[in-house]
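K.L.:
could you work out the structure for the sequence below:
(2 chains)
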Amino acid sequence: QLQLQESGPGLVKPSETLSLTCTVSGGSISSSGYYWGWIRQPPGKGLEWIGSIYYSGSTYYNPSLKSRVTISVDTSKNQFSLKLSSVTAADTALYYCAGGITYYYDSSWGQGTLVTVSS
Amino acid sequence: DIQMTQSPSSLSASVGDRVTITCRASQSISSYLNWYQQKPGKAPKLLIYAASSLQSGVPSRFSGSGSGTDFTLTVSSLQPEDFATYYCQQTYSTPRTFGQGTKLEI
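P.N.:
From the prediction side, this is the model:
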């Protein structure tokens, strides 16, 4: 059973870069066929897909965020990460990492981490 | 982007009721439709994938159907632990998009 855990700063200043890491346990992040990704949820609102990465490194981003987003994998640490640049208050949200055996659905989720953008 | 519209936005029901939530896509998405359950303060949990396949460990009272643009999630007999918010999600095309959610209340 895969377990995912997000980590990173809970407070980021406007115009800076938000950086989060997701640590995967219970399996290898480089297992063939596995996809990993990030989803966010502003307080009291719905879910927004940020992007996904294949275990080999291919990435898929939401066009609305693509110019600011980078998702990468660190196989040596069994982690993948999210970087979101030039953040504003609109990027304040609960950020979830998720993944699974296929691109088409996320069967395992982290518990989420709240990131607030404020000076 | 493909727009996903759920109805109703909220629903009041009782334990033992049969309830149905509808999700409509703005264009055909074949069967690339998932359903998630989210309880307050928790991460979403995958219930149904590929429109009608039950995720391992999910009670059989949950079922999904549909293809193309119209989909439904049915709970055959509501249990106390089923009161939550439900989201549909399409993964037919990028960006993946979610419905706005349906809050199921007692």
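K.L.:
chain B: strands as residue ranges?
P.N.:
With strands called from DSSP state E, chain B shows them at B:4-7, B:10-12, B:19-25, B:33-38, B:45-49, B:53-54, B:62-67, B:70-75, B:85-90, B:97-98, B:102-105.
K.L.:
surely residue A:90 forms part of a strand?
P.N.:
No: applying DSSP: H, G, I helix; E, B strand; the rest coil, one finds residue A:90 to be helix, outside a strand.
K.L.:
from residue A:67, how far off is it?
P.N.:
According to Cβ to Cβ, to the nearest Å, residue A:90 stands 14 Å off from residue A:67. (C-beta placed from N, C-alpha, C; glycine too.)
K.L.:
on that earlier part again, redo the strands of chain B as CSV? Include mean neighbour count and distance to residue A:55.
P.N.:
Below are these laid out as CSV (neighbours: other Cβ atoms under 10 Å in any protein chain shown; distance: least, Cβ to Cβ, whole Å):
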stretch, mean neighbour count, distance to residue A:55
strand B:4-7, 17, 27
strand B:10-12, 13, 39
strand B:19-25, 20, 29
strand B:33-38, 26, 20
strand B:45-49, 22, 19
strand B:53-54, 14, 23
strand B:62-67, 18, 28
strand B:70-75, 20, 29
strand B:85-90, 25, 21
strand B:97-98, 22, 24
strand B:102-105, 16, 33
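K.L.:
hang on, residue A:92 packs against residue A:41?
P.N.:
No: contact criterion Cβ atoms under 8 Å: residue A:92 and residue A:41 do not qualify, at 10.6 Å.
K.L.:
contact residues of chain B facing chain A?
P.N.:
Within chain B, the positions near chain A by Cβ under 8 Å from any Cβ of the partner chain are B:1, B:32, B:34, B:36, B:42-46, B:49-50, B:55, B:87, B:89, B:91, B:94-101.
K.L.:
one more pass at 10 Å, please.
P.N.:
B:1, B:4, B:6, B:31-36, B:38, B:41-46, B:48-50, B:53, B:55-57, B:85, B:87, B:89-92, B:94-101 (Cβ under 10 Å from any Cβ of the partner chain).
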